[in-house]
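What follows is a predicted protein model with its sequence.
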Amino acid sequence: MSTPLLEIDGLTVRFGGPGPLARAVRRGVKGAPGGGVRAVDGVSLTVPRGGAVGVVGESGSGKSTLMRAVLGLVPPTAGTIRLDGRPLGPRRDTATRRAVQMVFQDPGTTLNPARTCGSILAELLRVHRIVPADRVAARVTDLLDLVRLPHGVAGTRPHRLSGGQKQRVAIARALALEPRLLIADEATSALDVVVQASVLDLLAELRATTGVTLVAVSHDLDLVRYLCDTAVVMRAGKIVESGPVAEILSDPAEPYTRELIAAAPTLSAAPSGKDRQ
Amino acid sequence: MTAVLSLDRLGVRRRADGAALVTDVSLAVEAGGTLGIVGESGSGKSLTLRAALGILPPTLEATGGIRRDGRAAMVFQEPATALNPTLRVGSFVAGTWRRHHPGASRAAARAATVDLLAQVGIADPAARTRAWPHELSGGMRQRVMIAAALATDPRVLLCDEPTTALDVRVQARILALLRGLIADRGMALVFVSHDLAVVASVCARIAVMRAGSLVEEGPAARVLTEPRHPYTRELLEANLARRLAARPKESA
């Protein structure tokens, strides 16, 4: 068996509370209070190469913090993150940073409003030396093709694009670096349903054509079922349930998961024959 | 039966250049009736609701007929910005109640407030009247907003994406609360959302809007099973649960 692409082992992220020095001093003291909030609390998670894993949970469950730790945006308090068997520390070289890319929730705030979409993509290609300088423009066009955007978008600033188009630019930006791991953190929750469906189809298709490994973070169980093979359910910083998506949804072991499933509104719940007008 | 709210060829246009944002929307909801308005961002569903209540921004004006029979109250999407951060939630609800019950004593307002907070499912309502908005969770704040809306004894409750900012479990509880309140009070409901499944879970009739116009309106069961307009079909086809159900079995 090959090593999984991503291995997270006992990861804890604590916000607030005593700093590293105070913790070192207290380590010898039995029962010394840790303080702060454990946003992620001893999480272990394995993502197989080429797989698609869903991370489900409500606001405050720690799912985004977990992903930000994987990306290197927040330092873990304890635990390890390994990519391809190599530990991912808080300081990473360019090649390591390139390997993990994220698509954020709101493309309106994550694309530089002062630059054209083409220059946003071109800068990445140059900094990371993805293609020779004379091939940059052609590669930008290829990326726009990949996310099904017209080539004219290259000369456009983000504010002129619709929400769905902006999110496609954000996906192109993540894919420009040919990452090993693509994290989609509520990547479609700011979009209208019809646009959401088209962006999800795009992600599923990119998974098939580029072989990228996907982690999809969402509060929407149907979305996770749509995109992923396996899923974990997070609550209060801990993973409370994990397994194949179909199994979790058809036979949830945890009461919390059952509650999440029951709470999701479905079209079949429509009141029928109760038309009062 | 008479309608508690009826819109007759309602239009909304920008005063500056006369641009039409909503065109020819005719809708009615009767006492105890529930109407959902579905559409994507920019479809004009929120403007329609605001025009119905007469709270359009000053740069816009409504045309056509708006008839309200009795009071209407509105619950907004984001309770964090709709509540006054400098008022304890009890004062906020009591102030609203007193404005609609002139001459009533402070003690009566206090009692009514505790009763309203209890009606919207807030535990220990007497103690909660002392809470500041920032001390409450999103779901609690939305319950306070609903209590303030009920303080006006509305015949029709207008809801503009009231659960979009909430987690799915909290959303389910707020939707259950709204269903209960409507049944108990015989109040009418107009519920605006981009989410067809959410609307379908509280409304007996569904109207679909796109680009400022009404494209379809009918009983929820009919709209969901036999959509007449291509856009309604598109909305239904975008529903993930429906797509999953249509998927071949082996992919599960």
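Looks like it arrived, so ask away. What you see is a predicted model; the values in this text were computed from it and never measured.

And stretch B:116-132, how far out from the chain middle?
Mean-position distance between stretch B:116-132 and its chain equals 21 Å (C-alpha atoms, centre = their mean, to the nearest Å).

Excluding its own residues, what touches it? List them.
B:85, B:88-91, B:93-94, B:97, B:110, B:113-115, B:140, B:143-144, B:146-148, B:150-151, B:173, B:177, B:181 (C-beta atoms under 8 Å, 6 or more residues apart in numbering or on different chains). For glycine as for every other residue, the C-beta is placed from the backbone atoms N, C-alpha and C.

Buried ones from those residues, can you make that a ChimeraX selection?
If you want just the buried ones from the contacts of stretch B:116-132 in ChimeraX, going by 16 or more other C-beta atoms under 10 Å in any protein chain shown, the selection is:
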select /B:88,89,90,91,93,94,97,110,113,114,140,143,144,146,147,148,150,151,173,177,181
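
In helices, which of the contacts of stretch B:116-132 appear?
B:89-91, B:93-94, B:97, B:110, B:113-115, B:140, B:143-144, B:146-148, B:150, B:173, B:177, B:181 (DSSP state H).

where does the chain have low pLDDT?
You didn't say which chain, so I picked chain A. A:1, A:18-20, A:22-35, A:268-277 (pLDDT under 70).

Let me rephrase: I mean chain B.
Using pLDDT under 70, the flagged stretches of chain B are B:1, B:249-252.

what about B:Ile66, how many residues close to it?
Other residues near B:Ile66 come to 15 when the count uses other C-beta atoms under 10 Å in any protein chain shown.

hey, what's it bridged with?
Counting by DSSP bridges, B:Ile66 forms beta bridges with B:Leu7.

I'd guessed it sits against B:Ile55; true?
No: counting by C-beta atoms under 8 Å, B:Ile66 stays clear of B:Ile55, with 11.7 Å between them.

for chain A, longest helix please?
helix A:193-210.

Tell me the buried residues in that helix?
A:193-200, A:202-203, A:206-207.

can you map out the helices along the stretch 101-250 of chain B?
Ranges of helices in the stretch 101-250 of chain B, per DSSP state H, counting those that start in this stretch, are B:106-119, B:125-128, B:138-150, B:168-185, B:196-202, B:220-225, B:230-238, B:240-246.

can you redo the ones you listed as JSON lines with distance to A:Ser44?
Output for the helices of the stretch 101-250 of chain B, formatted as JSON lines (distance: least, C-beta to C-beta, whole Å):
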{"stretch": "helix B:106-119", "distance to A:Ser44": "43"}
{"stretch": "helix B:125-128", "distance to A:Ser44": "40"}
{"stretch": "helix B:138-150", "distance to A:Ser44": "30"}
{"stretch": "helix B:168-185", "distance to A:Ser44": "25"}
{"stretch": "helix B:196-202", "distance to A:Ser44": "34"}
{"stretch": "helix B:220-225", "distance to A:Ser44": "42"}
{"stretch": "helix B:230-238", "distance to A:Ser44": "35"}
{"stretch": "helix B:240-246", "distance to A:Ser44": "29"}
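
Quick one: closest of these to B:Ser43.
Among the helices of the stretch 101-250 of chain B, the nearest to B:Ser43 by C-beta to C-beta is helix B:230-238 (9.5 Å).

Also compute the angle for the closest one relative to helix A:193-210, please.
Between helix B:230-238 and helix A:193-210, the angle comes out at 50 degrees (axes from the mean of the first three to the mean of the last three C-alpha atoms, to 10 degrees).

How about helix B:230-238 and chain A, touching?
Yes: against chain A, helix B:230-238 shows contacts by C-beta under 8 Å from any C-beta of the partner chain at B:234-238.

which of these tops the neighbour count?
That'd be B:Leu235 among those, by other C-beta under 10 Å, with 27 neighbours.

if you skip the residues just before and after it, what's nearest to that residue?
B:Leu196 (5.6 Å; C-beta to C-beta, 6 or more residues apart in numbering or on different chains).

what about the one you found, how many residues close to it?
B:Leu196 has 26 nearby residues by other C-beta under 10 Å.

Ok, the one 5 residues further on next?
The burial count assigned to B:Ser201 is 24, neighbours taken as other C-beta under 10 Å.

Over to the one 5 residues further on?
Neighbourhood size, B:Ile206 [other C-beta under 10 Å]: 26.

now swap in the one 3 residues further on and tell me
Using other C-beta under 10 Å, B:Met209 has 26 other residues around it.

what about B:Cys203, distance to chain A?
8 Å (C-beta to the nearest C-beta, to the nearest Å).

Please enumerate the helices of the stretch 101-250 of chain A.
A:107-110, A:117-127, A:136-146, A:163-176, A:193-210, A:221-227, A:245-250.

Include distance to chain B when you put those into a markdown table, please.
Converted to a markdown table, the helices of the stretch 101-250 of chain A look like this (distance: least, C-beta to the nearest C-beta, whole Å):
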| stretch | distance to chain B |
| --- | --- |
| helix A:107-110 | 12 |
| helix A:117-127 | 21 |
| helix A:136-146 | 22 |
| helix A:163-176 | 7 |
| helix A:193-210 | 4 |
| helix A:221-227 | 4 |
| helix A:245-250 | 5 |
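
so which of those gets nearest B:Thr225?
Taking the helices of the stretch 101-250 of chain A one by one with C-beta to C-beta, helix A:193-210 is closest: 18.1 Å.

who touches that closest one?
Against helix A:193-210 from outside (C-beta under 8 Å, 6+ apart): A:52, A:146-148, A:162-164, A:167-168, A:171, A:175, A:178, A:182, A:184, A:187-189, A:191, A:212, A:214, A:216, A:223, A:226-227, B:40, B:194-196, B:234-235, B:237-240, B:243.

buried subset of those?
Here, 16+ other C-beta under 10 Å leaves A:52, A:146-147, A:163-164, A:167-168, A:171, A:175, A:182, A:184, A:187-188, A:191, A:212, A:214, A:216, A:223, A:226-227, B:40, B:194-196, B:235, B:238-240, B:243 buried among the contacts of helix A:193-210.

Write out the residues of the stretch 1-150 of chain B neighbouring chain A.
So the stretch 1-150 of chain B meets chain A at B:28-30, B:32-35, B:40-41 (C-beta under 8 Å from any C-beta).
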